[in-house]
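**Q** Generate a structure from the sequence data that follows.
(one chain, ligands or ions: 1)
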Amino acid sequence: MLQQHGRQPHYVLPGPGAIAPVHAAIPRGSVGGGLNIIGSAPIFQRLLRMVEAVAPTRSTVLISGPTGSGKEIIAQLVHRQSGDPGAPFVDLNCGALPEHLIDAELFGHTKGAFTGAFNSRAGFFAQAGQGTLFLDEIGELPLAVQSKLLRVLESRCFRPLGGGDTQPFNGRIVAATHCDLAAMVQAGRFREDLYYRLAVVKLDVPGLDQRRSDVAALAAHFASQQKRPIRFTATAVERLCRHVWPGHIRELRNLIERLSILAESALIDAHSLEAFLSAGTPEDTDHTLLAEALMRLDGDDKLAAAQQLLIDYAMRIADGNKTIAARHLGINRKVIERRLHGDEERSNFARVCLLEGRALIEAARFKEAIEVLRRGLTLLAADAHPGTARRLSCDLHRWLAISHRGISGWQSAEALACYQQALQEAAALGDEVEITALRFGIWSSQLMALDLVAARATAQDMLQRAQAIGDTDLLSQAHLALANTLFWLGDYRETLACLERGHLLCGAASTEAGGQGLDIAGLSATFEGLSYFQGGAFRRARLVMEQLILRGSADNPHPFHRVIALQGAAWLACMFEDWARLANLAADLKTVASEYGYQFYLGVGQIFHACALAPGNAHAQTEQRIADGYQHYMLCEGGMLFHSFQAWKRGELLLSAGQPLQARQLLHGAIEMALEHGERAYLVELLDMHARTWIAVGDLDNAERELGSALSTAKALGAAAGSLLVATRLAQLLLQRGRRPEALAHLTRALRSVEPDTALPRFAQALQLQATLAQAISMPCQPEDTQHELSVEPR
Ligand SMILES: Nc1ncnc2c1ncn2[C@@H]1O[C@H](COP(=O)(O)OP(=O)(O)OP(=O)(O)O)[C@@H](O)[C@H]1O
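**A** You can find the predicted model right below:
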């Protein structure tokens, strides 16, 4: 966003009117600091000599002079001729900051100092360091802030909002004003003590009317800077020198810019100059054509639209200077102010809505966030500044998408529509960071639709963009997206490697929600733990589960983080077949999810709760509960993720309930779907369960064949936990068929590839079977041989 306040535009940070510092690093000893300051009039030369004398001292300086006369350029000169011109020059227009933000901008704030302070931020005093803090339009500073500024000048230290240590201020203050500060003191609108503190040295910049002899040189200087340089005839120069310049040097500079763009000839004579000097008299304009053009303006109220058009135009040619714009329009400055104020008000309210919405999302109050963010969008609809509106609209849509996703799951149609709208705005703004962040939303929809190939491509693209930008948050999000996708693709080893590359392994991940309203740390831990488990690193998987249980406890004040952690912990408890623990975790998950309206996670809770009843209380109704949880809550808008997991568990329940044919039918469909989509995360478990349906009906040949192919699949995927499951089943079958040595070989190999964990039923069972087999064929087993293959160590 560019902001023009009667000076060269400065880049403005995406906050309400905050002006980013301009850091001037000037080579020592450059004459005039390389600023190209023009002026040989005696009054101006006197000013330059004063600057030269005062600059090397650390004295506070007050610069006064009419708008556009060159106060800022003189402030820069003071800085550049000071002892340390390489230090920062921080430029702050006091009139451009909303009153409620001035404190935070000046003094900085700590994280959480106020609603919306998601991070701590250095203020302008801190940014100025040993350099210069230029306080332009100091007369606009509210009285309350004046006393705080006075305290800094007196004590030479300041304290950021929200606490923190007092910090020293070692820089220099240069203030400027076009107001008569002494008169303001008389009127009680400016603190007298502050006035004297600031005006230690006072520099008066003369208006152009006091240095007419410089007009020709200034005109030539600006003319030479134009893309199409122009020249003046002698009479034209003489006309320029006679002209009255209420906007002073800025007005002269703007006129020359206009001439360079619009004048027919590059040589300006007095005649062509006159038309530009008396701008605004449309004698030659065809009034009908003009009126017709105005009638075509957008909106119902053409009068208001025409007025806005004129004000925008006047502001543009006056370089943002309201006084000059008002003069161009022949109206009072207040009319312009009121008009602009209306637009700014709306933008500011929309911005407040954005901040409020974000705070509500942070507190996981998604429903309320949606209301507030929508209100912000309504306010924006009438905004007159397309750039500002677009940025705000993009932000509002992104956070709306996140809120919808929080409630209805990642495949929510509303969320998708909001992401798409935000992406359009970001593309129009050419904002690469935003475009990258928004790809996260697109990735999540692809993931939920089980379009894993596309999801992996999007995550990789996001990662490349994030690396090019070098943004830490984006890098974490991209690594999480890729790791998550790799897990579902069944590549557990790469999942862990990706989490490690993104510094997301347990303990390393930040506890922040991240820019996507997510719990990056909780989700990373979940996929880390699950990958360890599938890879047979049971000890490490248990450690992660314990951490997730802690994170999901009632001590965690953030409900959304709790839900994510409870989901991860329950998922792992389910894998470890720790039914008592799973029952508690699933119950907590359901309670928090229903209290805060997280439909998706309510479904997850219901599935895990049903799983916890297995295997003792298994019956067909329990299977129906899982199906319900999946259908009603998780499949919102057609999402299919989690499909293989729930089918595996439902198959198991149907089998335990004595319905092998139904189980086989269900599992068959699930295997087909998993193969079609490349969703291999639970493929081995599905194949194992499918083989069990053959055992249940006594068809051991088919069962043996299928267990053999399940074992090969597990090996190919590096699914050591799956191998153990299948090898045990195969060994039981082979034992039944009298092929003990073969059975023992399978079992020993599978046990070697996992970390020992006697609390895990499938491990204990395998170990016991191995002992039985070894004894039966009189061959001692060697459990101490066990070793596993995963190499990534936990943090
Ligand atoms: N002596 C000079 N030589 C060359 N250019 C100048 C000179 N003085 C001012 N200018 C140019 O004129 C324009 C207006 O100057 P500047 O912004 O410093 O005015 P100002 O008095 O600070 O304005 P405001 O009252 O809005 O703060 C700038 O583009 C600046 O570079």
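
**Q** Can you pull the domain assignment for this structure?
**A** The chain breaks down by automatic domain parsing into domains covering 2-206, 212-277, 337-430, 431-503, 505-619, 668-785.

**Q** how about low-confidence regions in the stretch 1-150 of the chain?
**A** For the stretch 1-150 of the chain, the stretches flagged by pLDDT under 70 are 1-34, 98-100, 113-118.

**Q** Could you list the contact residues of it toward the ligand?
**A** Proximity of the stretch 1-150 of the chain to the ligand, by CB under 6 Å from any ligand atom, involves residues 6-8, 36-39, 65, 67-73, 136. Quick note: C-beta positions are derived from backbone N, CA and C, even for glycine.

**Q** who wins for neighbours among the residues you listed?
**A** residue 68 (28 neighbours; other CB atoms under 10 Å).

**Q** would you say that residue is within a strand?
**A** No. Under DSSP: H, G, I helix; E, B strand; the rest coil, residue 68 sits outside any strand and is assigned coil.

**Q** what's near enough to touch residue 229?
**A** Contact analysis of residue 229 by CB atoms under 8 Å, 6 or more residues apart in numbering lists 223, 260, 266.

**Q** Is residue 174 within a helix or a strand, and which one?
**A** In this structure, residue 174 is located in strand 172-177 according to DSSP states H and E.

**Q** do the same with residue 252
**A** With DSSP H and E as the test, residue 252 turns up in helix 248-262.

**Q** same deal with residue 246?
**A** If you go by DSSP H and E, residue 246 is not part of any helix or strand.

**Q** and it, how many residues sit next to it?
**A** There are 15 residues near residue 246, going by other CB under 10 Å.

**Q** how much space between the closest residue in space to it that isn't next to it in sequence and residue 649?
**A** Leaving out its chain neighbours, the residue that sits closest to residue 246 by CB to CB, 6 or more residues apart in numbering is residue 327, at 6.1 Å. As judged by CB to CB, to the nearest Å, residue 327 and residue 649 stand 77 Å apart.

**Q** For those two, indicate the residue with more neighbours.
**A** Shown here are residue 327 and residue 649; by other CB under 10 Å, residue 649 has more neighbours (23 against 17).

**Q** gap between the more buried one and the ligand?
**A** Per CB to the nearest ligand atom, to the nearest Å, residue 649 is found 70 Å from the ligand.

**Q** State the distance from that residue to residue 673.
**A** For residue 649 relative to residue 673 (CB to CB), the value is 15 Å.

**Q** again, but for residue 529
**A** Residue 529 is 25 Å from residue 673, by CB to CB.

**Q** Pick out whichever of these two has more residues nearby.
**A** A count of neighbours by other CB under 10 Å puts residue 529 above the other of residue 529 and residue 673, at 27 against 16.

**Q** rewinding a little: only the buried members of the contacts of residue 229: can you turn that into a PyMOL selection?
**A** For the buried members of those, the matching PyMOL selection, counting by 16 or more other CB atoms under 10 Å, is:
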select buried, resi 223+260
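
**Q** Closest to the ligand out of the contacts of residue 229?
**A** residue 223 (12.3 Å; CB to the nearest ligand atom).

**Q** Could you pull up the residues touching the closest one?
**A** 229, 230, 231, 232, 256, 259, 260.

**Q** Can you tell me the element it falls in?
**A** Here residue 223 sits within helix 215-225, counting by DSSP H and E.

**Q** I'd like the average pLDDT over that helix.
**A** Here helix 215-225 scores 94 as its mean pLDDT.

**Q** Same question for stretch 187-199.
**A** The average pLDDT within stretch 187-199 is 88.

**Q** cool, and stretch 321-341?
**A** The model assigns stretch 321-341 a mean pLDDT of 77.

**Q** Name the residues that touch it?
**A** By CB under 8 Å, 6+ apart, stretch 321-341 touches 6, 67-68, 246-247, 250-251, 279-280, 307-308, 310-311, 314-315, 317-318.

**Q** which of those residues are buried?
**A** In those, the ones that pass as buried (16+ other CB under 10 Å) are 6, 67, 68, 247, 250, 251, 308, 311, 314, 315, 317, 318.

**Q** Which residue comes closest to the fifth one once chain neighbours are left out?
**A** Leaving aside its sequence neighbours, residue 250 sits nearest to residue 68 (CB to CB, 6+ apart; 3.3 Å).

**Q** Tell me the one of the contacts of residue 229 nearest residue 355?
**A** residue 260 (42.5 Å; CB to CB).

**Q** which residues touch that closest one?
**A** 223, 226, 227, 228, 229, 230.

**Q** So it versus residue 223, what's the distance?
**A** Residue 260 is 7 Å from residue 223, by CB to CB.

**Q** and for stretch 556-566, what are the contacting residues?
**A** By CB under 8 Å, 6+ apart, the list of residues contacting stretch 556-566 from outside reads 362-364, 406, 511, 513, 517-519, 521-523, 525-526, 548-549, 551-554, 585, 588-589, 592-593, 595-596, 598, 601, 605.

**Q** Just the ones in helices from those, please.
**A** 362, 406, 521-523, 525-526, 548-549, 551, 585, 588-589, 592-593, 595-596, 601, 605 (DSSP state H).

**Q** Can you select the buried ones among the residues you listed for me in ChimeraX?
**A** ChimeraX command restricting those to the buried ones, with burial defined by 16+ other CB under 10 Å:
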select :362,406,521,522,523,525,526,548,549,551,585,588,589,592,593,596,601,605
